[in-house]
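S.K.: no letters, just coordinates:
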């Protein structure tokens, strides 16, 4: 499928004011009430079109209820629970990501990742709210992985055509667990396999789809790729790490400074993100609604 980047139609009237934040990704929205968007079909259609265009949207000063937060996310589709983080007991699908002095140093957020690619159907997207932010620090970075793929050298694109990779919750969240808990987690959530380059189901864009949940390439060992064992190990791993490092290129990124009641809405199919953990001993509290996705192709 040919990559088709969503284009802005200047003839369509917009009720939401938009300020792009970088040349590659991200826009801040103004003159919008997210609680109203959750109730209004036309406003939601406008928001969804902007999400496809900018891949991550930011809105400040949204003092809305948890129920309204959930209602907005549910406009995109059903919400999913998280097997490790869990959900708010009164609002299923709303995950509390609270970091304070008693939080364990797990260090999963501060790596470039696409949420829950260890699922067979990774999330479509997320709606994240800042409940409490440090006075300094605690930013989040998002990356346009369609742009990361587009700007790969042609030779690399040819080399990774048709490759698939394994994604694991056992090797990430499970790594900090006792062995029995880790094995139980792996049984409940077996490793998922996804194309290294996935196709966006709505825009047709080609997206580089490996991240910190990715453990290895699963179909690299062919006569064309492997002459000696060293071509596969560590050769395949070196290729995978090269691809994963593309997310760290600033030209593909936007960095967002959180304030209380600010929101980020992102397309999890075409982006990665990195939550900067530079704020200890301050407190950072976020609430995230993740939207169920579909199979990759």
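M.R.: The structure has been received and is ready for your questions. Since this is a predicted model, take the numbers as computed values, not measurements.
S.K.: tell me the buried residues in stretch 190-209?
M.R.: Residues 191-192, 194-200, 203, 205-209 are the ones in stretch 190-209 that count as buried (16 or more other C-beta atoms under 10 Å). All C-beta atoms are positioned from the backbone trio N, CA, C, and that covers glycine.
S.K.: out of those, who's nearest residue 232?
M.R.: Residue 232 lies nearest to residue 196 out of those, by C-beta to C-beta, at 15.6 Å.
S.K.: quick one: residues contacting that closest one.
M.R.: The contact partners of residue 196, taken as C-beta atoms under 8 Å, 6 or more residues apart in numbering, are 160, 163-165, 208-210, 217, 243.
S.K.: where along the stretch 1-150 of the chain do the helices fall?
M.R.: Assigned by DSSP state H, counting those that start in this stretch, the helices in the stretch 1-150 of the chain fall at 34-39, 41-54, 66-76, 145-150.
S.K.: nope, the stretch 151-297 of the chain is what I meant
M.R.: Here the stretch 151-297 of the chain has its helices, by DSSP H, counting those that start in this stretch, at 154-160, 179-188, 229-232, 235-245.
S.K.: adding distance to residue 138, write these out as CSV.
M.R.: Converted to CSV, the helices of the stretch 151-297 of the chain look like this (distance: least, C-beta to C-beta, whole Å):
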stretch, distance to residue 138
helix 154-160, 34
helix 179-188, 28
helix 229-232, 41
helix 235-245, 24
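S.K.: so for residue 105, which of those sits nearest?
M.R.: The closest of the helices of the stretch 151-297 of the chain to residue 105 is helix 179-188. By C-beta to C-beta, the value is 17.7 Å.
S.K.: that closest one - what's its average pLDDT?
M.R.: For helix 179-188, the mean per-residue pLDDT is 96.
S.K.: just the helices of the stretch 151-297 of the chain: most buried one?
M.R.: helix 235-245 (a mean of 17; mean count of other C-beta atoms under 10 Å).
S.K.: and the angle for the worst-scoring helix or strand of the chain on mean pLDDT with helix 66-76?
M.R.: None of the helices or strands of the chain scores lower by mean pLDDT, DSSP states H and E than strand 94-99, at a mean of 92. Orientation check (axes from the mean of the first three to the mean of the last three C-alpha atoms, to 10 degrees): strand 94-99 against helix 66-76 gives 120 degrees.
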